[in-house]
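> Here's my sequence, what's the structure:
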Amino acid sequence: MSADYQQFHDRLEAHDDIAINPSGNTPLEQLLNPSRRHLIKGGLSLAALGFLSGGIAACRPASASPLLNFTGVPPQTDPGFDRVLVADGYSATPFFSWGDPVEAGAPQWNPDASDDWQAQLKQAGDNHDGMEFFAFDGETDRGLLVMNHEYVNPPLHPSSVIDQSKPRPLAEVRKEQAAHGVSVIEVRKDASGAWQRVMDSPYNRRISALTPMRVAGPLAGHEAMKTVADPEGLEVLGTINNCSTGMTPWGTFLTCEENWHNYFINRDLADYDGRVAHKRYGLATRGTSKNFAWETADPRFDATPDATQAHGGYVNEPNRFGWVVEIDPFDPQAQPIKRTAFGRFGRECAALSLADDGRMAFYSGDDAKGEYIYKFVPAGRFDAANPAANRELLEEGTLYVARFDADGSGRWLALVHGQHGLTAENGFASQAYILLNARAAADKAGATPMDRPEWAAVHPTTREVYVTLTNNDQRGDKVPTDKANPRPHNLHGQILRFNEEGGAPTATAFTWELFLLAGEPKGARDASGKPVPANLVGTINGDAFSSPDGLGFDKNGRLWIQTDYEDKEAPMQAMGCNQLLCADPSTREVRRFLVGPRGCEVTGLAWSPDGRTMWVNIQHPTLSFPASDGKSRPRSTTMMITKNDGGVIGS
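So this is what the prediction gives:
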């Protein structure tokens, strides 16, 4: 990793999880009665956490899992580790890398990384992230693999570094915009049973920050969505910072716009201070925007108000990002749709829970320190016999935010105009403004601030919901500890599990527990032989890990956990490189299945219909990790995982 690349990557990571929640909402620690409160104020007591229903991992005896039928791999602490290590009996093959051809006429990747943005519009984007597999109706050996491209790295260009003190060349900015978004690729089993790309498929498609998208739902045509370039507020150019995903029961892909705020700037401090839609989300106010300085070449990313232009110029452009975008992967001509009924924040995932009667909920985390967990409940029900009606189910519904109470119960607080103080007198003129400023609405409603809520996953049979809380080094400082977020200076994170009342996705009450605290094993010692501090010790039954991020269930009920931490930092050295683990929800046993190369994030999961192939993304690898061609420099790459005997992954 070059010094320029390292500096740029560290700056991106620093902005991605910055704490900007000013609400001061009451944490659970303050809701405890005095006899229990000392358990946290006096320092973390892991044993005390067992008060919740079901206890935590340390409260259950270790046992061999009937689901985890593989031998775990060891952590990789070598600074030069540069490959993907997978469990014995499995193979990992590079499958799809940044720059690989997608659409017809796309050229092969140019290792010189020229600034040919027209070529990049037809090639795979950078930094592969969330991913879903869509099978063709009635077929098990053919499908569409659809994945996000979250952001770009400086090696996208020959210069390899972005000088934010100077105006950016338009060609560089266009290429970066083209490398964001989504790829749709057709895959099919060959005669040997191995999955291969279908290079000439008419379904192959790139969607980017330059793709026109329709605005739908309560914000369609709203004044807050209008700009000088779009005076009707009905069409947005592009999607950015696409992280985790979801899929609907009617076969569409949901991509989520996460750290979109880093792409914009508002230099008018007076306007910024009074504009909740900018300040509560942390737009830049001086210099250049936090990531790429696109505004120096593309004016729509400069959100400073301009009274000489219609609708203030581009002051509303940031309002047009932070949404769930629905994409029909089976119709290459279909325009993507920004679904504003979902609400706007730094969204991680839209994980579906579907009841037998067609009622639905989509769960999401807001990935920043001290932010919240949400769910969106569509107003209508899914009807498999009425495909046309299903296409409008995301047009309206109710957005909820979670409050976690200290006794293991919880409430979903409806972010609805007139409820929970969400009135014009309190700054919410209408339901549209509540959805536009969902973070501020959640502040007012009294939601529980969490330790960087990220991916959610729903068990395929029980409908239990799991949510990763990656970490929060400001917990106990700017944000007090509580029962759901129990550790001060929480470097390792945790996973929550909750059950909706009556098992209904639409319920407004739930019970919750800590599934596990990530971190080092009990009794661990540092390099000097001293006991590891309590805030670094976890409750994992099995292989230790830090910073859970990506999360997903396979159809057999195995919970797959992906990690994202800075592997060069001292507290993470015992964890080694980032990894993919598998947990048994019943026994809580955890085993390490895969380790990625130094400097990467392991993210994104998809399975073939028979469960015999898994795809997983290796984001921003460094050193000499090969791409899909097996020889070029490191590139973000989708790996294909298979079992050598042809069996089901994990079995």
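
> Mean confidence (pLDDT) on stretch 78-94, please.
For stretch 78-94, mean pLDDT is 96.

> tally of neighbours for residue 136?
A count of neighbours around residue 136, defined by other Cβ atoms under 10 Å, yields 15. (Each C-beta comes from the backbone N, C-alpha and C, glycine too.)

> quick one: contacts for the residue lying closest to it once chain neighbours are set aside?
Distances taken as Cβ to Cβ, 6 or more residues apart in numbering put residue 142 closest to residue 136, at 5.0 Å, once the chain neighbours are dropped. By Cβ atoms under 8 Å, 6 or more residues apart in numbering, residue 142 lies in contact with 135-136, 186-189.

> again, only this time at 10 Å
Neighbouring residues of residue 142 by Cβ atoms under 10 Å, 6 or more residues apart in numbering: 135-136, 186-189, 195, 198, 201, 609.

> go on, residue 312?
Residues near residue 312 by Cβ under 10 Å, 6+ apart: 226-228, 271, 303-306.

> Just the pLDDT at it, thanks.
Here, the pLDDT recorded for residue 312 equals 98.

> ok, so what distance separates the residue nearest to residue 136 from residue 199?
Counting by Cβ to Cβ, to the nearest Å, the gap from residue 142 to residue 199 is 14 Å.

> Over to residue 370?
Plainly put, residue 370 is 46 Å away from residue 199 if you go by Cβ to Cβ.

> and if you look at residue 176?
According to Cβ to Cβ, residue 176 and residue 199 sit 25 Å apart.

> more crowded one of these two?
Each of residue 176 and residue 199 has its neighbours counted (other Cβ under 10 Å); residue 176 has more, 31 against 13.

> Name the nearest residue to the more buried one, ignoring sequence neighbours.
Counting by Cβ to Cβ, 6+ apart, residue 176 lies nearest to residue 152, which is 4.8 Å off, once chain neighbours are set aside.

> again, but for residue 552
Among residues not flanking residue 552 along the chain, residue 605 sits closest, at 4.2 Å (Cβ to Cβ, 6+ apart).

> three-state assignment of the one you found?
strand (DSSP: H, G, I helix; E, B strand; the rest coil).

> change the start of the numbering to 33 and stick with it
All right, first residue 33 from here; so that's residue 637.

> Give the burial count for it, as a bare number.
Number of residues near residue 637 (other Cβ under 10 Å) recorded here: 26.

> just the one 5 residues further on next, same as before
Close neighbours of residue 642, defined as other Cβ under 10 Å, add up to 14.

> per-residue pLDDT, it?
Per-residue confidence (pLDDT) for residue 642: 96.

> Residue 279 now?
The confidence metric pLDDT takes the value 98 at residue 279.

> Look up the residues forming beta bridges with the closest residue to it other than its chain neighbours.
The shortest distance from residue 279 to any non-neighbouring residue, by Cβ to Cβ, 6+ apart, is to residue 164 (4.8 Å). With DSSP bridges applied, residue 164 shows beta-bridge pairing to residue 178.

> Would you confirm that residue 164 contacts residue 288?
No: judged on Cβ atoms under 10 Å, residue 164 makes no contact with residue 288 at a distance of 12.0 Å.

> Need the overlap of contacts for these two.
Counting by Cβ under 10 Å, 6+ apart, the shared contacts of residue 164 and residue 288 are 180, 277-278.

> re earlier: quick one: contacts for the residue nearest to residue 584?
Applying Cβ under 10 Å, 6+ apart, the residues contacting residue 637 are 162-165, 277, 487, 489, 582-586, 592-594, 612, 646-649, 673.

> next one: residue 310
Listed by Cβ under 10 Å, 6+ apart, the contact set of residue 310 reads 293, 296-298, 300, 303-304, 316-317, 335, 347, 350-351.

> Which stretches in the stretch 183-332 of the chain count as helices?
Applying DSSP state H, counting those that start in this stretch to the stretch 183-332 of the chain gives helices spanning 202-210, 301-306, 308-311.

> err, the chain, not the other one
For the chain, the helices defined by DSSP state H occupy 35-48, 66-73, 149-152, 202-210, 301-306, 308-311, 419-422, 463-468, 470-477.

> weakest of these by average pLDDT?
Among the helices of the chain, helix 66-73 scores lowest, with a mean of 32.

> returning to that earlier point: redo the contacts of residue 344 as JSON lines? Include distance to residue 269 and neighbour count.
Listed next are these as JSON lines, based on distance: Cβ to Cβ, whole Å; neighbours: other Cβ atoms under 10 Å:
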{"residue": "258", "distance to residue 269": "14", "neighbour count": "20"}
{"residue": "259", "distance to residue 269": "10", "neighbour count": "23"}
{"residue": "260", "distance to residue 269": "13", "neighbour count": "18"}
{"residue": "303", "distance to residue 269": "23", "neighbour count": "17"}
{"residue": "335", "distance to residue 269": "15", "neighbour count": "30"}
{"residue": "336", "distance to residue 269": "19", "neighbour count": "19"}
{"residue": "337", "distance to residue 269": "20", "neighbour count": "19"}
{"residue": "338", "distance to residue 269": "18", "neighbour count": "16"}
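
> residue contacts, residue 261?
So residue 261 contacts 267-269, 331-332, 341-343, 345-346, 349 (Cβ under 10 Å, 6+ apart).

> Of those residues, grab the buried ones for ChimeraX.
Those of those that count as buried under 16 or more other Cβ atoms under 10 Å are selected in ChimeraX with:
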select :267,268,269,331,332,343,345,346,349
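
> hmm, back to that, for the residue nearest to residue 168, name its beta-bridge partners.
Here residue 174, judged by DSSP bridges, has bridge partners residue 220.

> got the contact list for the closest residue in space to residue 205 that isn't next to it in sequence?
Nearest in space to residue 205, with sequence neighbours left out and distances taken as Cβ to Cβ, 6+ apart, is residue 329 at 4.3 Å. Neighbour list for residue 329: 199-206, 208-209 [criterion: Cβ under 10 Å, 6+ apart].
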